[in-house]
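Visitor: everything below, folded, please.
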Amino acid sequence: MKNFSAAFVLMALAGTACLAGEPGISAEASGEGEAWTAVIDGKEVPAPAIPMGSDATVRAILDEGKNRNQVMNHLTHLTKEIGARLTGSENAEEANRWCEEQYKAWGLANARIEQWGEVTTRFDRGPSSAKVLLRREKKDDDGEVTSVEFEPVRDIEFTTLAWTRGTDGPRRGPVLKQPQTEEELEAMRGDLEGAWILIKARPPTGQRGFRSGLQDQFKRRMETRKKAADGESLDGLSLLDRLALEPVAGFLSTGREERIWTGGAPEWRKRALEDIPEDVHAVIRMSDYDYINSRLTDKEPIEVEINANNILTPGPTPTYNTIAEIVGSEFPDEVIIISAHLDSWDGPGSEGCTDNGTGSAVTLEAARILAAVGAKPKRTIRFVNWTGEEQGLLGSRAYVENIKEHWPNISACFVDDGGTNYQGGLGAADYMVEFLAAATAPINNQFYSETDKKWLNVDVRHSGAKIETHGSSDHAAFNAVGIPGFFWDEIGRADYGYGWHTQNDTLDLAIPEYLMQSATNSAMVAYRLACAPSLLPREGELRADDGDEAETQK
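Guide: Below you'll find the model as predicted:
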């Protein structure tokens, strides 16, 4: 990069900075040569002398981002007005169209929703609830039961796998513990109809392990019914598998903690409505599991009522990305992509805030800031709100595949998908570091957190001969084909795991000062790279991080 830097200094002295297309701004008037500070490998250094646009525009971006930032308005609408946004759902499409409307209102070019695929059966989740009730009998003087009442004694927090059946209204029934022996199963046969089966809690396995276990149980119940329908032997099936053949209300299980992880049924994308089985499997908090288990041990007459409002609609239902642009003034076919995934998991209670309403709002606000200041970049800046990310980067993979002929002209793709912390840096191949340090430099020492007692700066880290970065978000679809893809380091005080894919992912987790910095940084990096002397260098080998396999879940 030393040779590159020398060339860029000469270009800057020659006045070749990106002033074209920004009428009335001369090098002198623009303040070109502002002494910005870069952060490289944790150390503050003078910004590399690479010309990257008008300093007047840079200062305008900072002013707009610091003083009139709208990122929380976007996030509030996504979470409170639209809510969780499962791929292929009504909410996801509403969010796609709403983003398109915002881009058009701000004056961006080519704003559109672009179909990347379809879902055979659409899944929407309506308001859902669950509770424990205590059965109380009233008797007359002769001891005869005259009436039965059910007193609610505890609300249950729960979810079901997306793309599975719900309860079709409230479903109430007694609770039976999963039988452990043949004798126990036989003893409870007369009580199975309409009962909820409390599955014995397994050892903790983490989110992915638990969700894969739920999917395995879903498949095993389907296979058990098929074997029975085909007259095959049921020898060797577990007692739990055999309960799939009984007229139970459904199943209850826990992930052994208070977070409730939501995922989707296996083979969700191609399963027709008539092929989705009738059984209901609710996942509950550990404290709810313990409460129910304790009441059963004490032989208290409790029942559970669940209203899992799962709405299944035959498709096919199209799935979309939302795309908009600020078209480059000199090299419109060369592109910088600023992006985030718009879809989220949708368990009851979740609003899809930190995963990934925050990144979606940051992407929107970056576009608004650049439009508000009238930025005129040399290259095109493209903003994309992906869907299908949670199921295996489906929207971004399809997009990349569809633009093969344009791969050489994409400078880089940036993804914000790490929650409500701020864009604190990124890892970059050594030959990219000076470019990226110059692009991020104007953000440094601009956003100060009184809570953290520090500047919210952007650290560009050397990672050797290739990009070393988080592998399972939409940037990985670009890295897999040799296009530089970056996942911002999310730095700060937020506990990402608390809300990630759970009922806790609500607007109150958002940290406004971090999101303001992130939106402004995204706008800044997009503008400055779009005005750089060349595309981001691609020397050497890029790491082919390609995330999860297609049709899997993040």
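Visitor: what residues are up against R135?
Guide: By C-beta atoms under 8 Å, 6 or more residues apart in numbering, the contact set of R135 is V148, E149, F150, P301, I302, E303. From N, CA and C alone the C-beta is placed, and that goes for glycine too.
Visitor: show me the helices in the stretch 451-554 of the chain, by range?
Guide: 475-479, 496-499, 512-530 (DSSP state H, counting those that start in this stretch).
Visitor: relative to L312, which of the ones you listed is closest?
Guide: helix 496-499 (26.7 Å; C-beta to C-beta).
Visitor: residues of the closest one that come out buried?
Guide: By neighbour count with 16 or more other C-beta atoms under 10 Å, helix 496-499 contains the buried residues G499.
Visitor: quick one: average pLDDT of that helix?
Guide: Mean pLDDT, computed over helix 496-499, is 94.
Visitor: could I have the CA atoms of it written out in PDB?
Guide: What follows is helix 496-499, C-alpha atoms only, in PDB (Å, rounded to 0.1, in the frame of the first residue of the first chain):
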ATOM      1  CA  TYR A 496     -26.600  -8.800  22.200                       C
ATOM      2  CA  GLY A 497     -27.400 -12.300  23.300                       C
ATOM      3  CA  TYR A 498     -30.200 -11.100  25.600                       C
ATOM      4  CA  GLY A 499     -32.400 -10.200  22.700                       C
END
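Visitor: ok, back up a step: ok, which of the helices of the stretch 451-554 of the chain comes nearest F218?
Guide: Within the helices of the stretch 451-554 of the chain, the stretch nearest F218 is helix 496-499; the backing value is 24.9 Å (C-beta to C-beta).
Visitor: run the chain-centre distance for the closest one.
Guide: 12 Å (C-alpha atoms, centre = their mean, to the nearest Å).
Visitor: likewise stretch 320-332?
Guide: Counting by C-alpha atoms, centre = their mean, stretch 320-332 comes out at 23 Å from the chain centroid.
Visitor: can you give me the end-to-end span of it?
Guide: Length of stretch 320-332, first residue to last, C-alpha to C-alpha, to the nearest Å: 24 Å.
Visitor: try stretch 70-82
Guide: Start-to-end span of stretch 70-82 (C-alpha to C-alpha) is 17 Å.
Visitor: avg pLDDT for that stretch?
Guide: Averaged across stretch 70-82, pLDDT comes to 98.
Visitor: in it, what counts as buried?
Guide: Burial within stretch 70-82, assessed by neighbour count using 16+ other C-beta under 10 Å, is assigned to Q70, V71, M72, H74, L75, T76, H77, L78, T79, I82.
Visitor: out of the residues you listed, who's nearest L393?
Guide: Each of those was checked against L393 using C-beta to C-beta; the closest is L78, at 20.4 Å.
Visitor: quick check: which element contains the closest residue to D155 other than its chain neighbours?
Guide: Spatial nearest neighbour of D155, excluding adjacent residues (C-beta to C-beta, 6 or more residues apart in numbering): K131 at 5.2 Å. Using DSSP states H and E, K131 falls within strand 129-139.
Visitor: other residues contacting the very next helix or strand once past that strand?
Guide: Of the helices and strands lying after strand 129-139 in sequence (DSSP H and E), the nearest is strand 145-155. Identification of contacts with strand 145-155 by C-beta under 8 Å, 6+ apart yields 129-140, 172, 288, 291, 302-303, 305.
Visitor: partners of strand 145-155 in the sheet?
Guide: Sheet pairing here is set by DSSP bridges, and for strand 145-155 it gives strand 129-139 (antiparallel).
Visitor: between the helices of the stretch 451-554 of the chain, which one is closest to A412.
Guide: Comparing these by C-beta to C-beta, helix 512-530 comes nearest, at 6.7 Å.
Visitor: for PyMOL, what selects the buried ones among the contacts of R135?
Guide: Here is the PyMOL command that selects the buried residues among these (16+ other C-beta under 10 Å):
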select buried, resi 150+302+303
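Visitor: now the strand holding K131: buried residues?
Guide: Buried positions in strand 129-139, judged by neighbour count with 16+ other C-beta under 10 Å: A130, K131, V132, L133.
Visitor: could you dump these into a markdown table and include pLDDT and distance to G88?
Guide: Putting these into a markdown table (pLDDT from 0 to 100; distance: C-beta to C-beta, whole Å) gives the following:
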| residue | pLDDT | distance to G88 |
| --- | --- | --- |
| A130 | 98 | 25 |
| K131 | 98 | 30 |
| V132 | 98 | 33 |
| L133 | 98 | 35 |
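Visitor: just those now: which is nearest G497?
Guide: For these, the nearest to G497 is A130 (23.9 Å; C-beta to C-beta).
Visitor: now do that closest one against A375, distance only.
Guide: Using C-beta to C-beta, to the nearest Å, A130 is found at 50 Å from A375.
Visitor: circling back: least confident pick among the contacts of R135?
Guide: Per-residue pLDDT puts V148 lowest of those, at 88.
Visitor: pipe the buried residues of strand 129-139 into CSV and attach distance to E389 per row.
Guide: Output for those, formatted as CSV (distance: C-beta to C-beta, whole Å):
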residue, distance to E389
A130, 29
K131, 34
V132, 36
L133, 39
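Visitor: and the furthest pair within those residues?
Guide: Among the buried residues of strand 129-139, A130 and L133 lie farthest apart (C-beta to C-beta), at 10.5 Å.
Visitor: quick check: neighbours shared by these two?
Guide: What both A130 and L133 touch, as defined by C-beta under 8 Å, 6+ apart, is the set V304, E305.
Visitor: which other helices and strands contact the longest helix along the chain?
Guide: Ranked by number of residues, the top helix in the chain under DSSP state H is helix 206-229. Applying 3 or more C-beta pairs under 8 Å, 6 or more residues apart in numbering; DSSP states H and E, one finds that helix 206-229 contacts helix 239-242, strand 281-284.
Visitor: need the winner for burial among these.
Guide: Each of the helices and strands packed on helix 206-229 was scored by mean neighbour count; the highest is strand 281-284, a mean of 24, by mean count of other C-beta atoms under 10 Å.
Visitor: may I have it exported as CSV, CA atoms only?
Guide: What follows is strand 281-284, C-alpha atoms only, in CSV (Å, rounded to 0.1, in the frame of the first residue of the first chain):
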residue,chain,number,x,y,z
HIS,A,281,-45.1,-27.8,20.2
ALA,A,282,-44.7,-24.9,22.6
VAL,A,283,-41.3,-23.8,24.0
ILE,A,284,-41.6,-22.2,27.4
